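Chemist: how would this look folded up:
(2 chains)
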Number of protein chains: 2
Amino acid sequence: MVKRFIIAIDLGGTNLKYALLNSSLKIKAKSLFSTKSFNNKQELIGGILDSINSFILKFNLTKSSILGVGIGVPGLVDTFKGTVHFLPNIPGWKEVGLKKILEQETSLAVFIDNDAKLMALAEHKAGSAKGYNNVLCLTLGTGVGGGLILGNSLYRGRDNAAGEVGHLPLNEHGPVCGCGSQACLEVYVGNARIIKDARKLFGSKITLEEVSRLAQYNNTKAVNFWDEVGKKLGLALCGAVNLLNLEAIVIGGGVSYAGKVLFKSVKRTILTRAMSVQAKRVNILKASLGNDAGLIGAGYLVRERLVR
Amino acid sequence: MVKRFIIAIDLGGTNLKYALLNSSLKIKAKSLFSTKSFNNKQELIGGILDSINSFILKFNLTKSSILGVGIGVPGLVDTFKGTVHFLPNIPGWKEVGLKKILEQETSLAVFIDNDAKLMALAEHKAGSAKGYNNVLCLTLGTGVGGGLILGNSLYRGRDNAAGEVGHLPLNEHGPVCGCGSQACLEVYVGNARIIKDARKLFGSKITLEEVSRLAQYNNTKAVNFWDEVGKKLGLALCGAVNLLNLEAIVIGGGVSYAGKVLFKSVKRTILTRAMSVQAKRVNILKASLGNDAGLIGAGYLVRERLVR
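Modeler: Here you go, the predicted model:
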């Protein structure tokens, strides 16, 4: 039998990561480019094509041995047409028929989806969310992204735009958010804000990794810092918990490495502020696939669309 | 062919409403008791049995002509076992096996669910939410209840406790809520709060119906009053809109009769504060089945469980 590989691509604002997955969706090889090294949309599409071709050459693959290419992008996508509507953090991407372009260039089947949705898909199929029917997966980073598993499958909403947990309002009034609103969760717990808060407390050279390490050594200021982040995150999540009666919330992204103090604070806040049945039900879990979640999710995307 | 009737019961904190539905789920007859006229759980169960029997006697029905009995209750229910976990506004109801009790007494098939979920089911099958796949239905009254239609069917969550839109947090800190938390939507737009606000503005004898009428005549104070209620409601709904990328929000209950000013304010707030794709997508609609939604939803509940 012919081996069926999948080429997975995770396009982020910082890196363009790419991997070759085997038929069990395990990563056989992976590499990355800096996204900033591409000057415009055309060059970035060229970079995606190079990453696909690099595996074909390196492993001497025939096209028929490749099931397809899965791509996660950080923005709004029509996943069925394969059109990228726009990418807030990568300039020049508006209504790009990426699936069509890549299929013409490669003669491979190409599938595209939002990166946070692919992270949720991966955690549900192979990570911390496995076995749960109703789960919110979120990533804490520069932005706060999310994906929902409801009724045991990825929930997309009408425009594939569901899961925007970073834009749950936390107050009626508050700091302005990149989305045009104010007081969204993201403006309180996104990296930009918390690094600013951390530097006020710990000096202008501290990194979030260092604040996490201090918290692990029980430094009171650092523990209180993460406790406060957890309270804000937990309160916004109370809305999702009361509305969706979730079984689990899976938290990934850089800030999730803050460790136990953050997770405990989220759980305590939910137990205090959400309704009792819903609060007791929901498990607060750390994502288990780390930086590979997007790549593995891209693999599942291809498989779901092609194998029935 | 034998006519197949359904007996529908809508148990509320104020009234026990009951109706006979024909095979098209149209109301053939309906009546009500005051819930307060029953002194305890036993008497209230007796009242439910009386309401069932009154139709059997009045219309000279045979048991085989009745498809089943559908009941909506204002609280947490295991709809598949038919157990009422608890009813926050009716004392004495804790872990009551209502389905079993009523089936033994009547020899009819009995199905029980949460009242807000039955309202959502009815509006989706036969009301304003018809034709939409992803809808939040909510009722504005003493409490703010809700039910979600996702992927074209009723979404229950793990414990049948999903849809609690009244307990979306609107601020980090604020007035204490009946659920034990604070700053929930319900404490800002539930009847208790808005009637208090209205009386401060319009004098101690005003009713909400009168404030609605004043707004219809463009009384500035009344228009501003409903505009403010709509802002708070709209902002809490932004969370649901961003998270679920809904096609419609259907608003029912007494306060929904405030009219255009309330609906316009909700829509304007969502356009200003929710993400643009999600905000443009969602339609803000008035519920169309009014006080009968719970009864009609109870009919659909019976039909969904028995007819496949």
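
Chemist: next one: whichever strand or helix holds A:V77 to chain centre, how far?
Modeler: For A:V77, the element it lies in under DSSP states H and E is strand A:76-78. Distance of strand A:76-78 from its chain centroid, counting by CA atoms, centre = their mean, to the nearest Å, is 15 Å.

Chemist: for that strand, give the mean pLDDT please.
Modeler: Regarding strand A:76-78, the rounded mean pLDDT is 95.

Chemist: enumerate the residues of the stretch 51-200 of chain A near chain B.
Modeler: Contact residues (CB under 8 Å from any CB of the partner chain) of the stretch 51-200 of chain A with chain B: A:76, A:85, A:133-134, A:146, A:148, A:150-151, A:155-165, A:167-172, A:179-182. No exception for glycine: its C-beta is placed from N, CA and C like everyone else's.

Chemist: weed out the non-buried ones from the residues you listed.
Modeler: Neighbour counting with 16 or more other CB atoms under 10 Å in any protein chain shown marks A:76, A:85, A:133-134, A:146, A:148, A:150, A:155-165, A:167-172, A:179, A:181-182 as buried within these.

Chemist: so which of those residues belong to strands?
Modeler: The subset of these located in strands under the criterion DSSP state E comprises A:L76, A:H85, A:G146, A:L148, A:L150, A:Y155.

Chemist: farthest-separated two in those?
Modeler: Pairwise distances across those (CB to CB) peak at 22.6 Å, for the pair A:H85 and A:L150.

Chemist: which elements pack onto the strand holding A:V77?
Modeler: In this structure, strand A:76-78 packs against strand A:83-86, strand A:110-114, with contacts taken as 3 or more CB pairs under 8 Å, 6 or more residues apart in numbering or on different chains; DSSP states H and E.

Chemist: show me the contacts for A:Y18.
Modeler: A:Y18 sits next to A:7-10, A:30-32, A:48, A:51-52, A:54-55, A:295 when contact means CB atoms under 8 Å, 6 or more residues apart in numbering or on different chains.

Chemist: try 7 Å this time
Modeler: A:I7, A:A8, A:I9, A:K30, A:S31, A:L32, A:S51 (CB atoms under 7 Å, 6 or more residues apart in numbering or on different chains).

Chemist: phi and psi next, for it.
Modeler: Main-chain dihedrals, A:Y18, degrees, to the nearest 10: phi -150, psi 150.

Chemist: can you give me the helices in the stretch 151-300 of chain A?
Modeler: For the stretch 151-300 of chain A, the helices defined by DSSP state H, counting those that start in this stretch occupy A:185-189, A:191-202, A:208-216, A:220-244, A:260-273, A:276-281, A:293-306.

Chemist: turn these into a markdown table, including mean pLDDT, mean neighbour count and distance to B:R303.
Modeler: A markdown table is the format used below for the helices of the stretch 151-300 of chain A (pLDDT from 0 to 100; neighbours: other CB atoms under 10 Å in any protein chain shown; distance: least, CB to CB, whole Å):
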| stretch | mean pLDDT | mean neighbour count | distance to B:R303 |
| --- | --- | --- | --- |
| helix A:185-189 | 96 | 25 | 41 |
| helix A:191-202 | 95 | 15 | 51 |
| helix A:208-216 | 94 | 18 | 55 |
| helix A:220-244 | 97 | 23 | 26 |
| helix A:260-273 | 97 | 20 | 37 |
| helix A:276-281 | 97 | 17 | 28 |
| helix A:293-306 | 96 | 25 | 33 |
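
Chemist: closest one to A:F111 among the ones you listed?
Modeler: A:F111 lies closest, by CB to CB, to one member of those: helix A:293-306, at 5.1 Å.

Chemist: give me the pLDDT for A:K100.
Modeler: With respect to pLDDT, A:K100 has a value of 98.

Chemist: ah, wrong one, I meant A:N15
Modeler: On the pLDDT scale, A:N15 is placed at 92.

Chemist: burial check on the nearest residue to A:G141 once chain neighbours are set aside, number of neighbours?
Modeler: Excluding its sequence neighbours, the residue lying closest to A:G141 (CB to CB, 6 or more residues apart in numbering or on different chains) is A:G253, at 4.4 Å. One way to gauge burial is a neighbour count; for A:G253, by other CB atoms under 10 Å in any protein chain shown, it gives 21.

Chemist: and the one 4 residues further on, by the same measure?
Modeler: Here the number of neighbours of A:Y257 (other CB under 10 Å) works out to 16.

Chemist: does it really touch A:R213, like I thought?
Modeler: No - counting by CB atoms under 7 Å, no contact exists between A:Y257 and A:R213, whose distance comes to 9.7 Å.

Chemist: figure out the helix or strand that A:L44 lives in.
Modeler: helix A:41-58.

Chemist: which residues does A:G253 contact?
Modeler: Applying CB under 7 Å, 6+ apart, the residues near A:G253 are A:T139, A:L140, A:G141.

Chemist: kindly report the same for A:V255.
Modeler: For A:V255, counting by CB under 7 Å, 6+ apart, the contacting residues are A:L140, A:G141, A:N191, A:L208.

Chemist: out of these, who's nearest chain B?
Modeler: Checking these against chain B with CB to the nearest CB, the nearest one is A:L140 at 16.3 Å.

Chemist: show me the domain layout of chain A.
Modeler: What automatic domain parsing lists as the domains of chain A is A:5-116+A:292-306, A:131-288.

Chemist: what's the spacing between the first one and its chain's center?
Modeler: I take that to be domain A:5-116+A:292-306. Its chain's average C-alpha position is 15 Å from that of domain A:5-116+A:292-306, according to CA atoms, centre = their mean.

Chemist: then the last one?
Modeler: If you compare the mean C-alpha spot of domain A:131-288 with that of the full chain, they lie 13 Å apart, counting by CA atoms, centre = their mean.

Chemist: what about it, start to end distance?
Modeler: Start to finish, the residues bounding domain A:131-288 are 14 Å apart (CA to CA, to the nearest Å).

Chemist: repeat that for stretch A:135-146.
Modeler: The first and last residues of stretch A:135-146 sit 10 Å apart, counting by CA to CA.

Chemist: grab the nearest non-local neighbour of the residue nearest the centre of chain A.
Modeler: Among the residues of chain A, A:A116 comes closest to the average C-alpha position under CA atoms, centre = their mean, at 3.3 Å. For A:A116, the nearest residue in space outside its immediate sequence neighbours is A:G145; the separation is 3.5 Å by CB to CB, 6+ apart.

Chemist: what's the distance between that neighbour and B:Q42?
Modeler: 53 Å (CB to CB, to the nearest Å).
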